[in-house]
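Peer 1: Pasting the sequence and the predicted coordinates here, then a few questions.
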Protein chains: 2
Amino acid sequence: MFREVVYLKPEEMPKSYYNVLADLPFKLDPPLDPATGEPMKPEKLLAIFPEPLLEQEMSDERFIPIPEPVLREYAVYRPTPLVRARFLEEYLGTQTRIYYKYEGVSPTGSHKTNTALAQAYYNKISGTKTLVTETGAGQWGSALSYAGAKFGLEVRIFMVKVSFYQKPFRKLLMNIFDGNVVPSPSSLTRFGQKFDGEHPGTLGIAISEAIETVLKQNDAKYALGSVLNHVLLHQTVIGLELKEQLKKLKIIPDMVVACHGGGSNFGGTILPFIPDVLNGKDIKIIAVEPESCPSLTKGEYRYDFGDTAGLTPMMKMYTLGKDFVPPAIHAGGLRYHGAAPIVSKLLHEKLISAVAVSQDEVFQAGKLFARVEGIVPAPESAHAVAYVIKEAKKNEKKTIVFTLSGHGYFDLSAYINA
Amino acid sequence: MFREVVYLKPEEMPKSYYNVLADLPFKLDPPLDPATGEPMKPEKLLAIFPEPLLEQEMSDERFIPIPEPVLREYAVYRPTPLVRARFLEEYLGTQTRIYYKYEGVSPTGSHKTNTALAQAYYNKISGTKTLVTETGAGQWGSALSYAGAKFGLEVRIFMVKVSFYQKPFRKLLMNIFDGNVVPSPSSLTRFGQKFDGEHPGTLGIAISEAIETVLKQNDAKYALGSVLNHVLLHQTVIGLELKEQLKKLKIIPDMVVACHGGGSNFGGTILPFIPDVLNGKDIKIIAVEPESCPSLTKGEYRYDFGDTAGLTPMMKMYTLGKDFVPPAIHAGGLRYHGAAPIVSKLLHEKLISAVAVSQDEVFQAGKLFARVEGIVPAPESAHAVAYVIKEAKKNEKKTIVFTLSGHGYFDLSAYINA
């Protein structure tokens, strides 16, 4: 029979997150306080994050247990399948074996629920009533809305204005889970009021608006869907499952590929492979980003703010500058000026590499994948597909594994000209 | 661990379709020629259907082998999972066990690909170049577009006008697979030209337009997504897998439930259980339809046309009359005036029963399901969910199995007021 798919049993789901910081032979540069330029005092961050998440942010424990209520919610859609892309291989006529880990089976269609559920849980037990966040394409906003509905938290979302109007179905999905969405820049914050009504918005602006909102309300906390250590930590369920599935197939991949925006899907996929790389295994790890927002391939490695207003701590990362306004490409999840500090450090230390692909090849690849493999990839995920196709066309005897971080059923308009 | 899901192995996929006509203790009334009122001569139908499908339409073989190329394409997404709705059970606090067979994992998000792939294959080997069809909500049109792309056929779709404008994303999905979609009534057919530009369209009118188009072009054939015997036949892969999965769980269900529009999802789910019912097993089989289009619960059992222009053979079925214009409810797939002759006969012989649910309870149920089970049901499928919830609230010790025929990610606007 033609299909090759590896399902894990529910009881094979990872019981702990994997913290790569425990295994790295170097330390991350600390976040800096924007007011003083000194390393950030954790107490100051308690205004925007609950204590358990801050602890995870700075932990050097190798494994951090996943709380039972979060495991229970993961069980709604996890473990996710690992599928051999046989139809794609055949179409390309390649000797290369291609596998994809499919996160689109999640309730909101992307990997984002992996951290949304964890963050909602830790906030709930810390007394938070309202979670405030920003969203670009809407994947994070819908994931957090879902998680809020699960754990009984109000969720407020600043959605980048251009996406708010281009993606009405994402907004509807957030509304099904009672998420409260406003287009950003908005008139609800002092920072938002600085922009005129025609501004299309950016993730950086939306983050500033969310943080300003949290600082005004006592029982509100901020939730970020990418970049930070604890977010990548939660996403390691992807890579941990993937390694388990590859073990069942008795495969050591030659290449592990994932798309990169802020780093949550990429980090979640690849961090569990870092010990193998450190141990000398020949596994190439590749981040794929858009040519039009090339933080990793064209950015500078330096301290920068996470948002546009300069409210966040400064982080050492690859960045295009906090005021960079990316073009209105369709992969809204990849329109961030910076990159996760962990990913940035791994790249700087040459443990991983990064490539950029053009929007045109991305949508051609996505459309091909839809036709042969039967899944329309999210525009973000289609970046990984595009790169994998290029690699597979070299027709080398090797095995590539990539994460298909979500489906594109809410983003079909992106495919209009493909 | 909390999740209970039964995956079949690829090699456990059914190798044959099940033809219930071989087991029924009565015969179906024959389709009648609209010109003569006499039983239809198969030769006349060759103008619109290829020979292998006509043979299946009239076959009394119990098992009809699934051709290898179709099995191969099924393997892109089949076997589909059977999931215990534990979160729903818990939310309802019921002793009733609820399982759902999930067809939304298909490439276009519903069960429709099961017959689309088979029809495209049989047309391809019969020399057809163009497949013409109609679609309401767009599930069938996108499934046939996908199948056409797979087997190299041009696909033309008359889409009920109100849906064409309400569901732009369905149209985009068809376009990804190169489906050629026009709103119906259109100016492309003589029948379509009879209606003024403001007419919202109906499935009956769209079928007439599709058939008129086929009769004008030699290498074009017509494809229907529901109602006919061969369509239900192809869909029995759902019920056959389901029975295999229940066998693994050692469960004999007390109740098998599916939503009913033309009968393809319902028939595909329940026909394999008919031999058990005939053998005296106490399994209640229930079709769920909308109160606003109540073919089975309020229709007459008599001969009627399948379309509005009266181009199709007359079939003995439960019907609201070929000129019935259903209200613009959101479950476009359930807005058909008639019902499959097989389903109608089973209902008339009291081997199954039918119930109707209101649009309001449907969307409340769908929203609840999304929040607890993590899948937004298609509006059609939410009809089954609504009925199952009512049954489960009786808190009886029993097991209900239903088919969740598709996801609602293309139909989120239906949930706006839920």
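Peer 2: That came through fine.
Peer 1: so which residue of the stretch 301-418 of chain A comes closest to chain B?
Peer 2: When scored by Cβ to the nearest Cβ, the stretch 301-418 of chain A has residue A:374 as its residue closest to chain B, at 3.3 Å. From N, CA and C alone the C-beta is placed, and that goes for glycine too.
Peer 1: Measure how buried the closest residue to chain B within the stretch 101-250 of chain A is and give me the count.
Peer 2: Of all residues in the stretch 101-250 of chain A, the one sitting closest to chain B is residue A:107 (3.3 Å; Cβ to the nearest Cβ). By the criterion of other Cβ atoms under 10 Å in any protein chain shown, residue A:107 has 25 neighbours.
Peer 1: Tell me the pLDDT of the closest residue to it other than its chain neighbours.
Peer 2: Leaving aside its chain neighbours, residue A:107 sits nearest to residue B:374 (3.3 Å; criterion: Cβ to Cβ, 6 or more residues apart in numbering or on different chains). Residue B:374 is assigned a pLDDT of 96 by the prediction.
Peer 1: What parts of the stretch 151-300 of chain A come near chain B?
Peer 2: Counting by Cβ under 8 Å from any Cβ of the partner chain, the stretch 151-300 of chain A comes close to chain B at A:168, A:169, A:172, A:173, A:175, A:176, A:177.
Peer 1: Looking at the residues you listed, which are in helices?
Peer 2: A:168, A:169, A:172, A:173, A:175, A:176 (DSSP state H).
Peer 1: What distance do you get for the last one to residue A:164?
Peer 2: Spelled out, that is residue A:176. 16 Å (Cβ to Cβ, to the nearest Å).
Peer 1: Counting neighbours, which bits of stretch A:51-62 end up buried?
Peer 2: Using 16 or more other Cβ atoms under 10 Å in any protein chain shown as the test for burial, stretch A:51-62 gives A:52, A:53, A:54, A:56, A:57, A:59.
Peer 1: neighbours around the nearest residue to the fourth one once chain neighbours are set aside, how many?
Peer 2: Looking back up the chat, that one is residue A:56. In this structure, residue A:56 finds its nearest non-sequential neighbour in residue A:230, 4.1 Å apart by Cβ to Cβ, 6+ apart. Look at residue A:230: counted by other Cβ under 10 Å, it has 24 neighbours.
Peer 1: pLDDT at residue A:230, what is it?
Peer 2: Reported pLDDT for residue A:230: 98.
Peer 1: what's the offset of the helix or strand harbouring it from the middle of its chain?
Peer 2: Secondary structure assigned from DSSP states H and E places residue A:230 in helix A:229-249. Its chain's C-alpha centre and that of helix A:229-249 lie 13 Å apart, by Cα atoms, centre = their mean, to the nearest Å.
Peer 1: partners of whatever helix or strand comes next after that helix, with directions?
Peer 2: Using DSSP H and E, the helix or strand that follows helix A:229-249 towards the C-terminus is strand A:255-259. If you go by DSSP bridges, strand A:255-259 pairs up with strand A:284-290 (parallel), strand A:399-404 (parallel).
Peer 1: rewinding a little: the residue of the stretch 301-418 of chain A closest to chain B and residue B:169, how far apart?
Peer 2: 17 Å.
Peer 1: Residue A:369 too?
Peer 2: 18 Å.
Peer 1: Comparing these two, which residue is more hemmed in?
Peer 2: Neighbour count, other Cβ under 10 Å: between residue A:369 and residue B:169, residue A:369 has more, with 27 against 21.
Peer 1: which residues touch that one?
Peer 2: A:85, A:88, A:375, A:376, A:377, A:382, A:385 (Cβ atoms under 8 Å, 6 or more residues apart in numbering or on different chains).
Peer 1: The spatially closest residue to residue A:309 that is not a sequence neighbour: which element?
Peer 2: Of all residues not flanking residue A:309 in the chain, residue A:208 sits nearest, at 3.5 Å (Cβ to Cβ, 6+ apart). Taking DSSP H and E as the criterion, residue A:208 maps to helix A:203-216.
Peer 1: What mean pLDDT does that helix get?
Peer 2: 93.
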